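*Asks:* any chance you could fold what I've pasted below:
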Amino acid sequence: MDYKSIANKIIELKNADLEFRQQLVETGQLGKGYNEQMEDLHISNAQQLDEIIDTIGYPTIDKVGKEACEASWLIIQHSISRPEFMKQCMQLLETAVTEKQANPKDLAYLTDRIAVFEEKPQLYGTQFDWDENGELSPNPFDDLTLVNERRKSVGLNTLEEQTEKIREQARNENHQPPPDFEKRQQELKEWKIKVGWIK
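*Replies:* I've put the predicted structure just below:
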C-alpha cells in the first residue's frame with residue numbers, strides 16, 4: 001500500500017478546503033449561510049476520504065503521518081451534510097485515540113460537532129454560534145466545571161479563554177452576526193432535517 005501518496009492526497013483535499021474558506025473570508029461571504037460551493041467541496045472531500053477509509057481503514061498517524069491524520073479529521077469535521085459518515089468516523093477516531101494513533105483534541109471537536117447537530121449538549125464546548133445578542137457563544141453544554149475538566153484532560157484551554165479567542169478571530173475576519181437571528185435558526189433547523197441530523 002502506497003501510504004505516502006494517500007497521505008499527500010488527504011493533505012491536498014484539506015488544502016483545497018482551507019483555500020476556499022480563505023476566499024470566502026476575503027469576499028466577506030463566510031458566515032452568510034452555508035455557501036453552496038463550499039458544501040459541494042465538503043461533500044466531494046468526504047466521498048474521497050470515505051473511499052480511502054474503505055481501502056486503508058482510518059488514516060492514523062502510523063499509516064499516513066501526523067499531518068495527514070489531522071487533515072483527515074478536518075475533512076470529517078466539515079462533512080456536515082453526511083451525518084452517517086461523520087458518526088462512523090467518530091467511532092473509528094475513538095479507537096485511533098485509544099491506540100494513541102490520533103489526537104484526542106480532534107475527537108473532542110468531532111464529538112461536540114455531532115452533538116450540536118443532533119441538538120444535544122456538547123461535552124467540551126468546542127462549537128460556537130451567534131446568539132440572540134449578536135455574540136459568538138458556545139452552543140449549549142452540560143456543565144461549565146465539567147466542560148473545563150474535560151477540556152483540560154485533552155489539552156484544551158478553558159472555555160472562558162476559548163470564547164475570548166473565538167470572538168477575537170471573528171473580529172479579525174470581520175464576521176458579522178446574522179441580520180435575522182430567528183430566521184437563521186429556522187433555516188438551520190430545516191437544513192438539519194433535510195440532511196438527516198434530526199427528524
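*Asks:* domain ranges for this protein?
*Replies:* The record assigns the chain these domain ranges, following automatic domain parsing: 1-102, 121-199.
*Asks:* same list (these) but as CSV, adding mean pLDDT.
*Replies:* Below are the domains of the chain laid out as CSV (pLDDT from 0 to 100):
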stretch, mean pLDDT
domain 1-102, 95
domain 121-199, 95
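*Asks:* need those in JSON lines with distance to T111, can you?
*Replies:* For glycine as for every other residue, the C-beta is placed from the backbone atoms N, C-alpha and C. Output for these, formatted as JSON lines (distance: least, C-beta to C-beta, whole Å):
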{"stretch": "domain 1-102", "distance to T111": "6"}
{"stretch": "domain 121-199", "distance to T111": "6"}
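*Asks:* got JSON lines for those domains, with mean neighbour count and distance to I114 too?
*Replies:* Converted to JSON lines, the domains of the chain look like this (neighbours: other C-beta atoms under 10 Å; distance: least, C-beta to C-beta, whole Å):
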{"stretch": "domain 1-102", "mean neighbour count": "17", "distance to I114": "6"}
{"stretch": "domain 121-199", "mean neighbour count": "15", "distance to I114": "9"}
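*Asks:* what are the ranges of the strands in the chain?
*Replies:* Per DSSP state E, the chain carries strands over the ranges 128-130, 136-138.
*Asks:* tell me how far the first one is from the chain's mean position?
*Replies:* Centre-to-centre, strand 128-130 and its host chain are 13 Å apart (C-alpha atoms, centre = their mean, to the nearest Å).
*Asks:* direction included, what does it pair against?
*Replies:* Strands that pair with strand 128-130, judged by DSSP bridges, come out as strand 136-138 (antiparallel).
*Asks:* got the strands of the chain as JSON lines, with distance to K165 columns?
*Replies:* What follows is these, written out as JSON lines (distance: least, C-beta to C-beta, whole Å):
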{"stretch": "strand 128-130", "distance to K165": "10"}
{"stretch": "strand 136-138", "distance to K165": "10"}
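*Asks:* between those, which one is nearest to K199?
*Replies:* Evaluated with C-beta to C-beta, the strands of the chain place strand 128-130 nearest to K199, the distance being 21.2 Å.
*Asks:* OK, contacts around T163?
*Replies:* F128, L136, S137, P138 (C-beta atoms under 8 Å, 6 or more residues apart in numbering).
*Asks:* try 10 Å
*Replies:* When the contact criterion is C-beta atoms under 10 Å, 6 or more residues apart in numbering, the partners of T163 are G125, F128, E135, L136, S137, P138, N157.
*Asks:* and T55, by the same measure?
*Replies:* Counting by C-beta under 10 Å, 6+ apart, T55 touches M1, I6.
*Asks:* quick one: end-to-end distance for stretch 119-136.
*Replies:* Stretch 119-136 has its terminal residues 18 Å apart, counting by C-alpha to C-alpha, to the nearest Å.
*Asks:* can you pull up the most central residue in this protein?
*Replies:* Q77 (3.2 Å; C-alpha atoms, centre = their mean).
*Asks:* any idea how far I52 is from that residue?
*Replies:* In this view, Q77 and I52 are 16 Å apart by C-beta to C-beta, to the nearest Å.
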